[in-house]
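Asker: Sequence and predicted model, in that order:
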Amino acid sequence: MSLIEKISDQASTLTPSERQLVETVIESPTAAALGTAGDLARAVGVHEATASRLARKLGFDSYAAFRDALRDEFIATRETATRFEKTIAETASDTILGKLAHDEAQALGRIEEYVKPDQITEVAGMLMKASRIFIYGYGNAEVLALMMVKRFRRFGKEVQQLDTNPRGLAEQMLGLEAENVVLSFAFRRPPRGYAALIETAKEAGAKTIVISGKLGALLAPRPDHLLAAPRSGDPDAFQTLTVPMTVCNAIVIAAGLTAKQESLKKLDRLGQLIERFE
């Protein structure tokens, strides 16, 4: 089980101080992996014992064991990202556009520290095998939800974008079945209806996928599959949809590869239909 999964498992039991520690670890895993319990505690403004208690709550014998897990999960994947960040730093601009591009590039350069290739492959396969796909995006995430609806319809999948109105969402959930998959987005905070949506899916036996920002590990209830990555190289910077959109596009490409011939046939047929209707 990955560290993010362990945090997600314990999300509902964390104290406010422990949640602050987790947020700091997720924002700067390399710094946490190279520091001590005291360093992490001071960065957050809590007692060192809180960091040690958090490590034990996550299933580690000591903070040192927790730090070793951080090193194994994040430090080993830093070489490519470090080279990428160095290249970007040498060409950084002080303009608004340049600063934004710099922050986006940093986040993209580190994306595989958080979302692994096998996660993308597994989620893509699950979506392609589903009898129906329900996609939920609230606020800014609605544009990503709409994009995924259109992409998977082009593969011939039955896809429904879920209503953000509570009553409409409840009506759509009446038809949820075990062979279905629910894909949701969650960024700064759980979207309205998130807990009810995940609980309803679990009751129906449907699989759940969440694409999230840095605080995804703190979501409760925990989805079956969580793809969580920071949306900016600077935690205090403007948060855009570039990183989650990249995750979405990776899923779409992987989904096409899981059934390459069938996908190509569907896309070819779509082209014929577009010509007919136009």
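Answerer: Cool, the structure landed. Fair warning: this is a prediction, and the values are worked out from it, not measured in the lab. Numbers count the residues shown, from 1 in each chain.

Asker: Quick check: next helix or strand after the helix or strand bottoming out on mean pLDDT in the chain?
Answerer: Taking mean pLDDT, DSSP states H and E as the measure, helix 78-90 is the helix or strand of the chain with the lowest mean score, a mean of 49. Following the chain from helix 78-90 toward its C-terminal end, the next helix or strand by DSSP states H and E is helix 96-109.

Asker: So which elements touch whichever helix or strand comes after that following helix?
Answerer: Elements were assigned by DSSP H and E; along the chain past helix 96-109, the next helix or strand is helix 111-114. Packed against helix 111-114, as judged by 3 or more Cβ pairs under 8 Å, 6 or more residues apart in numbering; DSSP states H and E, are the following elements: helix 78-90, helix 242-258. Yep, even glycine has a C-beta here, placed from its N, CA and C like the rest.

Asker: Quick check: mean pLDDT of the last one?
Answerer: This points to helix 242-258. Predicted confidence along helix 242-258 averages 93 (mean pLDDT).

Asker: what's that helix packed up against?
Answerer: Identification of packing neighbours for helix 242-258 by 3+ Cβ pairs under 8 Å, 6+ apart yields helix 96-109, helix 111-114, helix 117-129, helix 142-153, strand 207-212.

Asker: quick check: domain ranges of this protein?
Answerer: Structural domains annotated on the chain: 3-76, 81-113, 116-277, as defined by automatic domain parsing.

Asker: Just put these in JSON lines and tack on mean neighbour count.
Answerer: Supplementary listing: the domains of the chain in JSON lines, determined by neighbours: other Cβ atoms under 10 Å:
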{"stretch": "domain 3-76", "mean neighbour count": "17"}
{"stretch": "domain 81-113", "mean neighbour count": "15"}
{"stretch": "domain 116-277", "mean neighbour count": "18"}
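
Asker: rank those domains by pLDDT, which is bottom?
Answerer: Checking each of the domains of the chain, the one with the poorest mean pLDDT is domain 81-113, at a mean of 69.

Asker: Work out the gap between stretch 166-181 and the centre of the chain.
Answerer: Between the mean C-alpha point of stretch 166-181 and the mean C-alpha point of its chain there is a distance of 22 Å (Cα atoms, centre = their mean, to the nearest Å).

Asker: Please save the CA atoms from stretch 143-155 in PDB.
Answerer: Taking only C-alpha atoms (Å, rounded to 0.1, in the frame of the first residue of the first chain), the coordinates of stretch 143-155 have been written out as PDB:
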ATOM      1  CA  VAL A 143     -15.100  21.400 -17.700                       C
ATOM      2  CA  LEU A 144     -12.900  18.400 -17.000                       C
ATOM      3  CA  ALA A 145     -16.100  16.300 -16.400                       C
ATOM      4  CA  LEU A 146     -17.500  17.400 -19.800                       C
ATOM      5  CA  MET A 147     -14.200  16.600 -21.500                       C
ATOM      6  CA  MET A 148     -14.200  13.100 -20.100                       C
ATOM      7  CA  VAL A 149     -17.800  12.500 -21.000                       C
ATOM      8  CA  LYS A 150     -17.100  13.400 -24.600                       C
ATOM      9  CA  ARG A 151     -13.900  11.400 -24.800                       C
ATOM     10  CA  PHE A 152     -15.400   8.200 -23.600                       C
ATOM     11  CA  ARG A 153     -18.600   8.600 -25.700                       C
ATOM     12  CA  ARG A 154     -16.200   8.600 -28.700                       C
ATOM     13  CA  PHE A 155     -15.100   5.100 -27.500                       C
END
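
Asker: can you list contacts of it?
Answerer: When contacts are defined by Cβ atoms under 8 Å, 6 or more residues apart in numbering, stretch 143-155 is touched by residues 127-128, 133, 135-137, 159-162, 183, 185, 211, 241, 244-245, 248, 251-252, 255-256, 259, 263, 266-267, 270.
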